[in-house]
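Visitor: Task: produce atomic coordinates for the following.
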Amino acid sequence: MEKLENYREAIKKVISEYGQYKLDEEDVRTELIFNREGDNYLLFRVGWNDWRRIYGCIMHIDLIDDKIWIQYNGTEVGVAEELLALGVPKEDIVLGYHSPYMRQFTEYAVN
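Guide: A predicted model of the protein is given here:
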């Protein structure tokens, strides 16, 4: 359980850091969603930029079967590398945004 608790804290740290970035649009809100029961962690942006609706997921990470699944990364920085720097081993990180077939060609876990 200590391993999962460390992973939860690492995920929250990474998402929280990205949540600190401010947008120029005043009417856009950043939402950090930490669902501990389901082990789902998301960074969302919601609001308006003039007449254009802003609504979208910036980052989505899940804990599934004791591994960190990066489901979506809409940033320019590699979230997996940031998790590595926080002590998460490569074999416990799954790049869920790659197809199961393509995961075998990454340095990370297949599933």
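
Visitor: and the lengthiest helix in the chain, what other elements does it pack with?
Guide: The longest helix of the chain (DSSP state H) is helix 2-19. Other elements packing on helix 2-19 under the criterion 3 or more CB pairs under 8 Å, 6 or more residues apart in numbering; DSSP states H and E are strand 28-35, strand 40-49, strand 52-64, strand 67-73, helix 79-85. C-beta here means a position set from N, CA and C on the backbone, and glycine is covered the same way.

Visitor: Could I have the CA atoms of the fourth one written out in PDB?
Guide: Output in PDB follows, covering the C-alpha atoms of strand 67-73 (Å, rounded to 0.1, in the frame of the first residue of the first chain):
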ATOM      1  CA  LYS A  67       0.600   0.800 -12.300                       C
ATOM      2  CA  ILE A  68       0.400   4.400 -13.400                       C
ATOM      3  CA  TRP A  69      -1.500   4.700 -16.700                       C
ATOM      4  CA  ILE A  70      -0.900   8.000 -18.500                       C
ATOM      5  CA  GLN A  71      -4.200   8.100 -20.500                       C
ATOM      6  CA  TYR A  72      -3.700  11.500 -22.000                       C
ATOM      7  CA  ASN A  73      -1.000  14.200 -21.900                       C
END
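
Visitor: Could you list every helix and strand that that strand packs against?
Guide: helix 2-19, strand 52-64, helix 79-85, strand 93-94.

Visitor: Mean neighbour count, the ones you listed: which tops it?
Guide: Of all the helices and strands packed on strand 67-73, strand 93-94 carries the top mean neighbour count, a mean of 23, counting by mean count of other CB atoms under 10 Å.

Visitor: now the helices and strands packed on strand 67-73 in JSON lines, with mean pLDDT and distance to residue 111?
Guide: As requested, those are exported to JSON lines (pLDDT from 0 to 100; distance: least, CB to CB, whole Å):
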{"stretch": "helix 2-19", "mean pLDDT": "95", "distance to residue 111": "16"}
{"stretch": "strand 52-64", "mean pLDDT": "95", "distance to residue 111": "9"}
{"stretch": "helix 79-85", "mean pLDDT": "96", "distance to residue 111": "15"}
{"stretch": "strand 93-94", "mean pLDDT": "97", "distance to residue 111": "6"}
